[in-house]
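[1] this one's structure only:
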């Protein structure tokens, strides 16, 4: 495990890259991982193309502690994630008896469990199933790669079933402080504060509200003391700039 | 140029990876590129880390016809995209006279154009500026890499100023057909239709509406005839499945 523990999300699906579907899994997974002390260090959005999926999975599983994939594990021809992950690991993919049982229990009428739906029970050899409490068709884990559904509700339910397996570091805590001060007016002192608190990560996010320019400063870090001291310095900088602090999520 | 012309979007910013900010640039850019016949072939979301930005820009500019970056060109310490792109290309970064003039025209009071804001006029040597009609601080192009702001409104305005430069192929057209038929019931015939129309890309997207499971099938391709013929076959498949077609965006 690296320190901090680093994860990568691979979002698989032409529908995201065409702009048709807006991904909702990234922010959701990011926040879940934050609370576990795992840093979402990179995300890739890739198409339903075999070579691309295999290469991306292999690159990312070597580079990151954990890899999560979303999308491409349904019953249709464009659902090729499971086959590709099997190829990435150089193992066969076959009908998994446990996954088969799960699907049999879901479809009351045996005729409904047709060839297409049975594809959802094809799992790379050696993988561990990830439970899907919503529509039964499971995800799976191969080593450090967690293969999950793309439908946000199902992805989230699957994640709840595996998060106890993840070994994280200290969770990140964060505090946001903001005021109607333009970014450029506070940038210099902000750089100094960042320099004084190198263990924190200070983000600066401008906004326009009621016609007025302002900035929210977000301090993130593993040590609450650092986060609070840096945030207090930012409060002072806003006040020194002649503006009120209009936003402060409070000491962590 | 490859055929189809392929683009990559690099979204730069810790705030996206932490889940704080939900990216809006991907779907917007994807749709703009679609109309130009440029395929958004991959997206990466990466943190504000110098080595990562440099490596990602260099990998992607070699691999794709066009690279677009968003984020990290503001006045604060965490805005390091411009410096990193200069390093990726092995060129110096310096105060650009045209960019400086733009900022001077924007800040009426010369004192407001402080050291931090002047950073926004630092541009890699040899780059061409991208106009920012909203807040003046420009983006820039280095060879096939377009560096744009992260704020969606500004990114979109910048893109309008450069899209005439992009050389695309045939625009993709698409048609959506849907009904209250579960994915798994139509999957087999869908695979056959995809096989008969290999130049199209048929996506299958399940939905749950008013408590009923359904599927929208999206056919995309460069040739309207192919898209329409495949869509008509999908209509028939839904009807053969005993369901009504409840959605059809119509012939393209």
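    Ah, there it is. Note that the structure is predicted; figures quoted are calculated from it, not measured. Residues are numbered from 1 along each chain as shown, chains lettered A, B, ... in the order given.
[2] Now for residue A:212: which residues touch it?
    For residue A:212, the contact set (C-beta atoms under 8 Å, 6 or more residues apart in numbering or on different chains) comprises residue A:180. In this view, the C-beta of every residue, glycine as well, is placed from N, C-alpha and C.
[3] An error on my part: the question was meant for residue A:177.
    Per C-beta under 8 Å, 6+ apart, neighbours of residue A:177: A:216-217, A:219, A:231, A:234-235, A:238, A:245, A:247-249.
[4] what about burial for these, which qualify?
    The neighbour count (16 or more other C-beta atoms under 10 Å in any protein chain shown) marks A:216-217, A:219, A:231, A:234-235, A:238, A:245, A:247-248 as buried among the contacts of residue A:177.
[5] In chain A, which residue sits furthest out from the middle?
    Distance from the centre of chain A peaks at residue A:242, with 38.6 Å (C-alpha atoms, centre = their mean).
[6] in terms of contact, does residue A:188 touch residue B:117 like I think?
    No: Residue A:188 is not in contact with residue B:117 according to C-beta atoms under 8 Å; the separation is 9.8 Å.
[7] if we can go back for a sec, using just helix, strand and coil, how would you label the residue farthest from the centre of chain A?
    Following DSSP: H, G, I helix; E, B strand; the rest coil, residue A:242 is assigned to coil.
[8] try residue A:39
    Secondary structure, three-state DSSP: residue A:39 is strand.
[9] Could you find the closest non-adjacent residue to it?
    Nearest non-adjacent residue to residue A:39, counting by C-beta to C-beta, 6 or more residues apart in numbering or on different chains: residue A:4, 4.7 Å away.
[10] so where do the strands sit in the stretch 151-252 of chain A?
    Along the stretch 151-252 of chain A, counting by DSSP state E, counting those that start in this stretch, strands occupy A:173-179, A:201-209, A:212-221, A:245-248.
[11] Give the burial count for residue A:117, as a bare number.
    Counted with other C-beta atoms under 10 Å in any protein chain shown, the neighbours of residue A:117 add up to 21.
[12] What of residue A:244?
    Look at residue A:244: counted by other C-beta under 10 Å, it has 10 neighbours.
[13] That one: what's it in contact with?
    Listed by C-beta under 8 Å, 6+ apart, the contact set of residue A:244 reads A:179-180, A:238.
[14] Could you report the pLDDT at it?
    Note on residue A:244: pLDDT of 93.
[15] Same question for residue A:74.
    Note for residue A:74: predicted pLDDT of 94.
[16] what residues are up against residue A:199?
    Contacts for residue A:199 (C-beta under 8 Å, 6+ apart) come out as A:221-223, A:226.
[17] Go through the helix or strand hosting residue A:98 and flag the buried ones.
    For residue A:98, the host element (DSSP states H and E) is helix A:97-106. By 16+ other C-beta under 10 Å, the buried positions in helix A:97-106 come out as A:99-100, A:102-103.
[18] could you redo those as CSV and give each row pLDDT and distance to residue A:160?
    Compiled in CSV, the buried residues of helix A:97-106 are given as follows (pLDDT from 0 to 100; distance: C-beta to C-beta, whole Å):
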residue, pLDDT, distance to residue A:160
A:99, 97, 19
A:100, 97, 23
A:102, 96, 17
A:103, 95, 21
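[19] closest to residue B:147 among these?
    Residue B:147 has its nearest neighbour among the buried residues of helix A:97-106 in residue A:99, at 45.9 Å by C-beta to C-beta.
[20] what sits against the closest one?
    Taking C-beta under 8 Å, 6+ apart, we find residue A:99 in contact with A:120-123, A:129, A:137-138.
[21] what's the weakest-modelled helix or strand in chain A?
    Across the helices and strands of chain A, the lowest-confidence element by mean pLDDT, DSSP states H and E is strand A:201-209, at a mean of 91.
[22] ok, it: who's next to it in the sheet?
    Sheet partners assigned to strand A:201-209 using DSSP bridges are listed as strand A:212-221 (antiparallel).
[23] and the strand it pairs with with strand A:173-179, angle?
    160 degrees (axes from the mean of the first three to the mean of the last three C-alpha atoms, to 10 degrees).
[24] same question for strand A:212-221, mean pLDDT?
    Confidence for strand A:212-221, expressed as mean pLDDT, is 94.
[25] just how off-centre is that strand within its chain?
    With C-alpha atoms, centre = their mean, to the nearest Å as the basis, strand A:212-221 stands 22 Å off its chain's centre.
[26] And stretch A:105-118, by the same measure?
    32 Å.
[27] just stretch A:89-97 next, same as before
    26 Å.
[28] And for residue A:156, nearest residue in space, chain neighbours not counted?
    Spatial nearest neighbour of residue A:156, chain neighbours left out: residue A:28 (6.1 Å); criterion: C-beta to C-beta, 6+ apart.
[29] tally of neighbours for that neighbour?
    16.
[30] which element is it on?
    helix A:25-36.
[31] Identify the residues contacting residue A:170.
    By C-beta under 8 Å, 6+ apart, the residues touching residue A:170 are A:37, A:222.
[32] and after the helix holding residue A:98, which helix or strand comes next?
    Under the assignment DSSP H and E, the closest C-terminal helix or strand after helix A:97-106 is helix A:115-118.
[33] now what about that following helix, what contacts it?
    By C-beta under 8 Å, 6+ apart, helix A:115-118 touches A:75-76, A:95, A:100, A:103, A:107, A:137, B:184, B:187-188, B:191.
[34] tell me the phi and psi of the residue farthest from the centre of chain A?
    Note on residue A:242: backbone dihedrals following degrees, to the nearest 10 are phi 80, psi 20.
[35] Roughly how far does the residue nearest to residue A:31 when sequence neighbours are not counted sit from residue A:172?
    Once flanking residues are discounted, residue A:31 sits nearest to residue B:19: 4.3 Å by C-beta to C-beta, 6+ apart. According to C-beta to C-beta, to the nearest Å, residue B:19 stands 11 Å off from residue A:172.
[36] Those two: who's more crowded?
    Each of residue B:19 and residue A:172 has its neighbours counted (other C-beta under 10 Å); residue A:172 has more, 22 against 17.
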